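Trainee: Model the structure of this input:
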Amino acid sequence: MAQPTLTNAPPVAPAGSPPAPPRRRTRNWGAIAGFLAPFVVLFAAFYLVPIGYSIVESLRTVTRSGTFGPVREVWGGFTQYATVFSSAQFWASILRVLQFFVISVPLQLGLALVFALLLDSPVLKGKRFFRLAFFVPYAVPGVIAAIMWSFLYAPSLSPFSLLAQNVDLIGPGLVIFSIANIVNWVFTGYNMLIIYSALQAIAPELTEAARMDGAGQWRIAWSIKIPMVFPALVLTGVFSIIGTLQLFNEPLVMRLVSSAVSTDYTPNMLVYATVNGGNYNLAAAFSVVLALVTCVLSFTFLKITQRRAEG
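Mentor: Numbering: from 1, shown residues only. Okay, the predicted model is just below:
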């Protein structure tokens, strides 16, 4: 009986012949462009174009011919930037948010790390409940959280009137701590989830081997878990730097109940007040300089943490 032939079998190269060249993979550039197009269009429309427009506006200035002449926008060069760098209000607001960073972020990230380690510990019971309880404040919008806490701080409105009347939580000395408390209450759970996700990626064999060697939960956390989630801590640190320099909602709401919060309390509040005053060109210059300060501080923080990790 004749054997069937395999017509679709690849041809066999004769012995001693050179190997066939590897096949070149063809890329479907149309499909790649189709997948990237929505992101590129949205990124350009809502990120690159506003940045470019702000830079152009910051290089223009408003002039008026005569007392009642028409207002015109003309090329002003770095006139607006000279005003920014000579503005005591702007640099005072930068120093104020840096002070806020020192007060708020170490406590916020420390609590986030502790909560994440607790959720990852086999000792803790009811992990689903505590994970939800820690994260729920982040689901509350920042404005709503600030309004809620401002009622708790105000002596005439607070249900804890004895504390609010004896401790001036909205006075010049403590208002920055009160704002930091609001921000920490909202964002600690968010940072906790980032760190907890990094903890979940640690191989169970590492902790199991340490446990078999007699290490307790504290030793495992200090020697294995914390070093392994260090990149996540760096990430949350960068997010905190960016968020601190963008601080706006909480102090804006607190300004309604506290005279210690001025219109230029934070850089974003100063930009907002400048826009309300009609000086869009100066507000654009404020925004560009604030973005540069944010980039410099974030990059410096990354470099410092990388050097410590490598050392």
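
Trainee: What is the burial count for the nearest residue to S178 once chain neighbours are set aside?
Mentor: With sequence-adjacent residues excluded and distances taken as CB to CB, 6 or more residues apart in numbering, S178 is closest to L169, at 4.9 Å. Yep, even glycine has a C-beta here, placed from its N, CA and C like the rest. L169 is flanked by 22 other residues according to other CB atoms under 10 Å.

Trainee: Name the SS class of L169, please.
Mentor: Secondary structure of L169, reduced to three states by DSSP: H, G, I helix; E, B strand; the rest coil: coil.

Trainee: Show me what the helix or strand encompassing V49 is packed against.
Mentor: Here V49 sits within helix 49-58, counting by DSSP states H and E. When contacts are defined as 3 or more CB pairs under 8 Å, 6 or more residues apart in numbering; DSSP states H and E, helix 49-58 sits against helix 280-310.

Trainee: contacts for the helix holding V49?
Mentor: Contacts of helix 49-58 from elsewhere in the structure, counted by CB atoms under 8 Å, 6 or more residues apart in numbering, are Q80, Y81, Y280, N281, A284, A285, S287, V288, A291.

Trainee: and the second one, what element?
Mentor: With the criterion set as DSSP H and E, the secondary-structure element containing Y81 is helix 79-85.

Trainee: Against which helices or strands is that helix packed?
Mentor: Counting contacts by 3+ CB pairs under 8 Å, 6+ apart, the secondary-structure elements packed against helix 79-85 are strand 60-64, helix 280-310.

Trainee: The helix holding V49: which residues count as buried?
Mentor: S54, E57, S58 (16 or more other CB atoms under 10 Å).

Trainee: and what of stretch 162-178?
Mentor: Burial within stretch 162-178, assessed by neighbour count using 16+ other CB under 10 Å, is assigned to A164, D168, L169, I170, L174, V175, I176, S178.

Trainee: Same check on stretch 30-40?
Mentor: Of the residues in stretch 30-40, none has enough neighbours to count as buried (16+ other CB under 10 Å).

Trainee: Now do it: distance to the chain's middle.
Mentor: Taking the mean of its C-alpha atoms, stretch 30-40 sits 27 Å from the chain's own mean (CA atoms, centre = their mean, to the nearest Å).

Trainee: pLDDT on it, on average?
Mentor: Stretch 30-40 comes out with an average pLDDT of 88.

Trainee: who touches it?
Mentor: Applying CB under 8 Å, 6+ apart, the set of residues contacting stretch 30-40 from outside is empty.

Trainee: what's the span of stretch 142-161 from first residue to last?
Mentor: Using CA to CA, to the nearest Å, the span of stretch 142-161 from its first residue to its last is 24 Å.
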